[in-house]
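Engineer: got a structure for you, letters missing:
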């Protein structure tokens with residue numbers, strides 16, 4: 001049986017950690033993005049994590065949003081940004097990072113809880129998403145494209 005030198009084992013652990021870091025890093029950014037949505041509202045979270053030239057392809061029957069400036073304008077009249085009434089959260093299930101560590105994508109599932117309607121009912125909507133990420137000049141992950149699907153709703 002061959003012996004492995006302790007230094008080799010230490011290098012393997014460090015190298016394994018280094019290889020996992022970009023994927024863990026983008027997953028952490030996606031989770032922080034969701035947490036900000038829960039705490040400050042989806043509009044604030046999207047503007048905080050959005051690259052200036054990002055695209056958002058939503059599930060609400062509205063046209064795509066092209067760029068952060070358009071998102072800011074559109075969010076001014078959106079009722080989805082108040083976390084006291086509407087909460088959008090998500091959890092990434094998977095991430096893939098480019099070999100150079102500057103581009104990535106995450107996918108996962110989202111949950112939207114609406115504020116009470118006129119009858120006092122809250123609506124629960126779920127779906128899946130794909131977010132494309134790029135590192136900005138400061139090395140922070142910003143999303144460049146975000147798109148989602150809506151799960152079929154239960155029959156009433």
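Structural biologist: Looks like it arrived, so ask away. Being a predicted model, the structure only gives us computed values, none of them experimental.

Engineer: and the average pLDDT for stretch 48-56 is what?
Structural biologist: Mean pLDDT, stretch 48-56: 97.

Engineer: same deal with stretch 140-150?
Structural biologist: In this model, stretch 140-150 carries a mean pLDDT of 96.

Engineer: could I get the buried residue list for that stretch?
Structural biologist: The neighbour-count criterion (16 or more other C-beta atoms under 10 Å) identifies 141, 142, 143, 144, 145, 146, 147, 148 as the buried residues of stretch 140-150. (C-beta placed from N, C-alpha, C; glycine too.)

Engineer: and for stretch 65-83?
Structural biologist: Going by neighbour count (16+ other C-beta under 10 Å), the buried part of stretch 65-83 is 65, 68, 71, 75, 78, 80, 81, 83.

Engineer: those residues in strands, which ones?
Structural biologist: The subset of the buried residues of stretch 65-83 located in strands under the criterion DSSP state E comprises residue 65.

Engineer: got the buried residues of stretch 65-83 as JSON lines, with distance to residue 41 columns?
Structural biologist: Written out in JSON lines, the entries for these read as follows (distance: C-beta to C-beta, whole Å):
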{"residue": "65", "distance to residue 41": "16"}
{"residue": "68", "distance to residue 41": "16"}
{"residue": "71", "distance to residue 41": "13"}
{"residue": "75", "distance to residue 41": "9"}
{"residue": "78", "distance to residue 41": "10"}
{"residue": "80", "distance to residue 41": "8"}
{"residue": "81", "distance to residue 41": "4"}
{"residue": "83", "distance to residue 41": "5"}
